[in-house]
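A.B. asks: predicted structure and sequence below. I'll ask about it afterward.
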Amino acid sequence: MLMPSRPPTDRARPRERVERLRGRKAVEVRKRRMARTDGLCERCDARGLTVFATVVDHIKPLALGGTDEDSNTRNLCDPCHAEATAEQFGMRTARGIGRDGRPTSPDHPWNRPDRT
Ligand SMILES: [Zn+2]
């Protein structure tokens, strides 16, 4: 993920409270964001796994001042979302078994893309 070296100028305006979108508009936005990765989890994809995403996650959480723009979102499955959330909020990354019965750790041999 490339980040601009300087924040965009519109960041200079007084910060408004970012509200989560709701209703029909939110559904459309979610659909558009999911379509970007064909509904697949980006983290799993990076590991060579094909897993449907269930969550549109904010890369920089709204709670930490992130923006609600497409460029600040990524599509994740439940285990990856739990992992990402733990990382974002400085908690120990949860390691264990995902809902699909696979280990969630990217370091686990099962999750290495070069596995034969
Ligand atoms: Zn995933």
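C.D. replies: Now that the structure is in, tell me what you want to look at. Residues are numbered from 1 along each chain as shown.

A.B. asks: quick check: next helix or strand after the longest helix along the chain?
C.D. replies: Using DSSP state H to define each element, the chain has its longest helix at helix 23-35. As assigned by DSSP states H and E, the chain's next helix or strand after helix 23-35 is helix 42-46.

A.B. asks: if you count contacts, what does the longest helix of the chain end up packed against?
C.D. replies: Here helix 23-35 touches strand 55-58, strand 73-76, going by 3 or more CB pairs under 8 Å, 6 or more residues apart in numbering; DSSP states H and E. (C-beta placed from N, C-alpha, C; glycine too.)

A.B. asks: looking at the ones you listed, which is closest to the ion?
C.D. replies: The ion sits nearest to strand 73-76 of all the helices and strands packed on helix 23-35, at 5.5 Å, using CB to the ion.

A.B. asks: tell me the most buried of the helices and strands packed on helix 23-35?
C.D. replies: strand 73-76 (a mean of 24; mean count of other CB atoms under 10 Å).

A.B. asks: flag every buried residue along the next helix or strand after that strand.
C.D. replies: Downstream of strand 73-76, the next assigned helix or strand under DSSP H and E is helix 78-88. For helix 78-88, a neighbour-count test (16 or more other CB atoms under 10 Å) marks D78, P79, C80, H81, A82, E83, A84, T85, Q88 as buried.

A.B. asks: quick revisit: reformat the helices and strands packed on helix 23-35 as JSON lines; add distance to the ion and mean pLDDT.
C.D. replies: Listed next are those as JSON lines, based on distance: least, CB to the ion, whole Å; pLDDT from 0 to 100:
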{"stretch": "strand 55-58", "distance to the ion": "9", "mean pLDDT": "95"}
{"stretch": "strand 73-76", "distance to the ion": "5", "mean pLDDT": "97"}
